[in-house]
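Engineer: Starting from these lines, generate the structure:
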Amino acid sequence: MRKLPPLAAVRVFEAAARLENFTAAGNELGMTQAAVSYQVKLLEERLGAALFVREKGRARLTALGLRLLPQLTQAFDSIEAAFASQREEDEALLTVATTFTFANTWLAWRLGSFQVEHPDLAVRLATSNKLVDLKAGDADVAIRAGARPWEGLVSVELMKVDFTPMCAPSFWKRMTEQLGREPMPADLPNLPLISPEDYWWDKWLEAAGVEGVADRPRKAGLRLDSQADEGHAAMGGQGFVLLTPAFWKNDIKDGRLCQPFELTATAGFRYWLCIAPERRNVPKIKRFKEWLLRQVEQSKLAPLEAVA
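Structural biologist: The predicted structure is shown next:
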């Protein structure tokens, strides 16, 4: 265990000795002259010797004070440099934690524009379905799905998580030929579904007015862990899949997917931008929040145009 004098008193001594004036030291540290005198007295009592000779308008160092000052100034310079280096490193990198689906179907497509706006700031995209500890500094911000704001965090609503069946145009054509007509919502439980056990299928089918949803066939279809994987499986003609329209606008526009039904359903989930309260005013986080909210609004208007 380190046997250190009170660090507050050491800090006051260094300022008073450097400035040779208790009033000036108090102004620098945001303290009264009386508070400065008290902290110096505590340190002198700890050392058993005087550190200053008080003169009118000046505090002159004793021999002991003169020996201590260079070492303490060097120590404070080292501490200041260490924290300055950490601040510079922290401000140069923004770490965004989010799910694999949100990163790959929405965010990664747009991050380039953030880099163009802020070329001084590098961005690290950390994808995982596990929750990171924002208060412990595991990431600067997180984009999470949930039914309500995340407790203990600043939670900014981004978009609702709705869903509707989609498929490849070629698959839709094949099912139409198989049935002799275009498929209807009531047909879907008996057609190839991707992740058929997903309870979101029940939500959408019920919203579509399909009867007997609880007793629908539970086929052993393809089961995937993320909407991003499911969407790409659907593009390959593997079946109908439930997807969030906001994530797949470009694929619908370019003909890789089609949305046969206008109806969307929701389980009450939304995507939120989450920030530790004590970091809400960090400049890089404020810049990312402002950019992200603009992107969300723009994405409601039109699909993202690809850059050639």
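Engineer: going forward, measure contacts between C-alpha atoms and count neighbours the same way
Structural biologist: Will do.
Engineer: neighbours of the residue lying closest to residue 276 once chain neighbours are set aside, just the number please.
Structural biologist: Distance criterion CA to CA, 6 or more residues apart in numbering; nearest residue to residue 276, sequence neighbours excluded, is residue 153 at 5.2 Å. Residues contacting residue 153 under the criterion other CA atoms under 10 Å number 16.
Engineer: give me phi/psi at residue 153?
Structural biologist: phi -130, psi 150 (degrees, to the nearest 10).
Engineer: Quick check: pLDDT value at it.
Structural biologist: Looking at residue 153, its pLDDT reads 94.
Engineer: gap between it and residue 130?
Structural biologist: 16 Å (CA to CA, to the nearest Å).
Engineer: Can you tell me how far the residue nearest to residue 276 is from residue 273?
Structural biologist: Residue 153 sits 9 Å away from residue 273, going by CA to CA.
Engineer: Could you do residue 103 as well?
Structural biologist: 13 Å.
Engineer: Give the residue from those two that has the larger number of neighbours.
Structural biologist: residue 273 (24 against 21).
Engineer: ok, how many other residues are close to residue 155?
Structural biologist: As a burial measure, residue 155 scores 20 neighbours (other CA under 10 Å).
Engineer: Make 30 the starting number, not 1.
Structural biologist: Happy to do that; since the first residue is 30 now, the last one works out to residue 184.
Engineer: so where is the stretch 180-329 of the chain shaky, pLDDT-wise?
Structural biologist: 249-250 (pLDDT under 70).
Engineer: C-terminal to the top helix by length along the chain, what's the next element?
Structural biologist: Ranked by residue count and defined by DSSP state H, the top helix of the chain is helix 92-121. Downstream of helix 92-121, the first helix or strand assigned by DSSP states H and E is strand 122-127.
Engineer: Output the contacting helices and strands for the next helix or strand after that following strand.
Structural biologist: With elements assigned by DSSP H and E, the helix or strand that comes after strand 122-127 is helix 129-131. For helix 129-131, the packing partners by 3 or more CA pairs under 8 Å, 6 or more residues apart in numbering; DSSP states H and E come out as helix 256-264.
Engineer: Show me which residues of the helix it packs on are buried.
Structural biologist: In terms of neighbour count (16 or more other CA atoms under 10 Å), helix 256-264 has its buried residues at 256, 257, 259, 260, 261, 262, 263, 264.
Engineer: other SSEs contacting whatever helix or strand comes next after it?
Structural biologist: Going down the chain from helix 256-264, the next helix or strand is strand 270-272, by DSSP H and E. For strand 270-272, the packing partners by 3+ CA pairs under 8 Å, 6+ apart come out as strand 183-195, helix 256-264.
Engineer: Give me the angle between the helix or strand following the first one and strand 183-195.
Structural biologist: Read that as strand 183-195. Later in the chain than strand 183-195, the nearest helix or strand by DSSP H and E is helix 198-208. Here helix 198-208 runs at an angle of 40 degrees relative to strand 183-195 (axes from the mean of the first three to the mean of the last three CA atoms, to 10 degrees).
Engineer: right, and residue 263 touches residue 277 too?
Structural biologist: No - using CA atoms under 8 Å, residue 263 is not in contact with residue 277, being 11.6 Å away.
Engineer: show me the residues around the residue nearest the centre of the chain that make contact.
Structural biologist: For the chain, residue 170 is the residue whose C-alpha lies nearest the centre (CA atoms, centre = their mean; 1.9 Å). Counting by CA atoms under 8 Å, 6 or more residues apart in numbering, residue 170 makes contact with 124, 125, 126, 163, 302, 303, 304, 305, 314.
Engineer: Recalculate using a threshold of 10 Å.
Structural biologist: 123-127, 161-164, 183, 302-305, 308-309, 314, 317-318 (CA atoms under 10 Å, 6 or more residues apart in numbering).
Engineer: what does residue 120 give?
Structural biologist: By CA under 10 Å, 6+ apart, the contact set of residue 120 is 114, 149, 150, 151, 311, 312, 313, 314.
Engineer: same thing but at 8 Å, please
Structural biologist: Listed by CA under 8 Å, 6+ apart, the contact partners of residue 120 are 150, 312, 313.
Engineer: Taking these, please make a PyMOL selection of just the buried ones.
Structural biologist: Remark: buried members of these, expressed as a PyMOL selection using 16+ other CA under 10 Å:
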select buried, resi 150+313
